[in-house]
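Visitor: okay, structure incoming, though there's no sequence with it:
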């Protein structure tokens with residue numbers, strides 16, 4: 001068998017086709033065979049040479065969706081000298097919720113409980129990257145400038161991300177919009193009790209919009 005001289009090109013073809021199918025049919029309703037049929041002659045063996053499973057393809061699609069730009073944006077936000085820590089925290093959450101990338105991921109409608117590798121990577125990323133590298137420094141700045149009152153910056157960063165990305169995420173466990181709104185209300189009260197006035201009406205509406213959007217696509 002001839003060796004593929006352009007593996008990166010092949011990977012990009014697989015990811016492009018897979019992303020389009022996930023958006024069109026939904027992740028759960030897209031099979032490896034569907035992907036093969038849309039790759040114009042690429043074999044199942046060629047796919048499995050690069051990806052062990054459909055779940056691995058989803059992980060690669062998601063990583064490509066959020067790569068580099070989001071990290072650069074968060075780093076620039078953290079370095080902004082004109083905003084308080086609380087203002088940065090609000091901008092980070094608002095920007096994440098408003099991102100068109102969220103719409104693409106929710107349109108693909110993966111169920112994380114059925115894709116434990118994706119769920120594991122999400123949790124690992126919270127503890128090893130997002131919380132310590134991005135959220136905690138902003139919370140510590142908020143403590144220093146007086147806009148956030150807490151004695152637990154590390155724990156608060158982790159709790160915010162765990163609740164946002166797991167408890168409030170319909171891709172982990174889907175609930176009707178009314179249930180999500182009640183959870184957001186409790187989340188808001190909890191944050192206020194911890195000295196963080198983070199959630200506003202625009203964010204609540206966006207949570208509900210994403211929940212409804214996901215419910216239609218799952």
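Guide: Now that the structure is in, tell me what you want to look at. Only a predicted model underlies this, so the values are computations on that prediction, with no experimental measurement involved. Numbering: from 1, shown residues only.

Visitor: show me what secondary structure element comes after the helix or strand of the chain with the lowest mean pLDDT.
Guide: Within the chain, no helix or strand scores below helix 69-79, which has a mean of 78 by mean pLDDT, DSSP states H and E. Sequence-wise, the next helix or strand downstream of helix 69-79 (DSSP states H and E) is helix 85-98.

Visitor: need the next SSE after that next one, C-terminal direction.
Guide: Taking DSSP H and E, what comes next after helix 85-98 is helix 100-108.

Visitor: tell me the buried residues in that following helix?
Guide: In terms of neighbour count (16 or more other Cβ atoms under 10 Å), helix 100-108 has its buried residues at 102, 105-108. C-beta here means a position set from N, CA and C on the backbone, and glycine is covered the same way.

Visitor: what's that helix in contact with?
Guide: Residues outside helix 100-108 that contact it (Cβ atoms under 8 Å, 6 or more residues apart in numbering): 19, 22-23, 26-27, 58, 61-62, 65-66, 70, 96, 170-171, 210, 213-214, 217.

Visitor: how far off helix 85-98 does it point, in degrees?
Guide: 40 degrees (axes from the mean of the first three to the mean of the last three Cα atoms, to 10 degrees).

Visitor: show the average pLDDT along the next helix or strand after helix 100-108.
Guide: Reading on from helix 100-108 to the C-terminus, the next helix or strand found by DSSP H and E is helix 116-125. Mean pLDDT, computed over helix 116-125, is 89.

Visitor: how about residues contacting helix 116-125?
Guide: Helix 116-125 has contacts (Cβ under 8 Å, 6+ apart) with 55-56, 58-59, 62, 110, 112-113, 162, 165-166, 172.

Visitor: give the helix, strand or coil label for the nearest residue to residue 30 once chain neighbours are set aside.
Guide: Spatial nearest neighbour of residue 30, excluding adjacent residues (Cβ to Cβ, 6 or more residues apart in numbering): residue 21 at 4.6 Å. Secondary structure, DSSP: H, G, I helix; E, B strand; the rest coil: residue 21 is helix.
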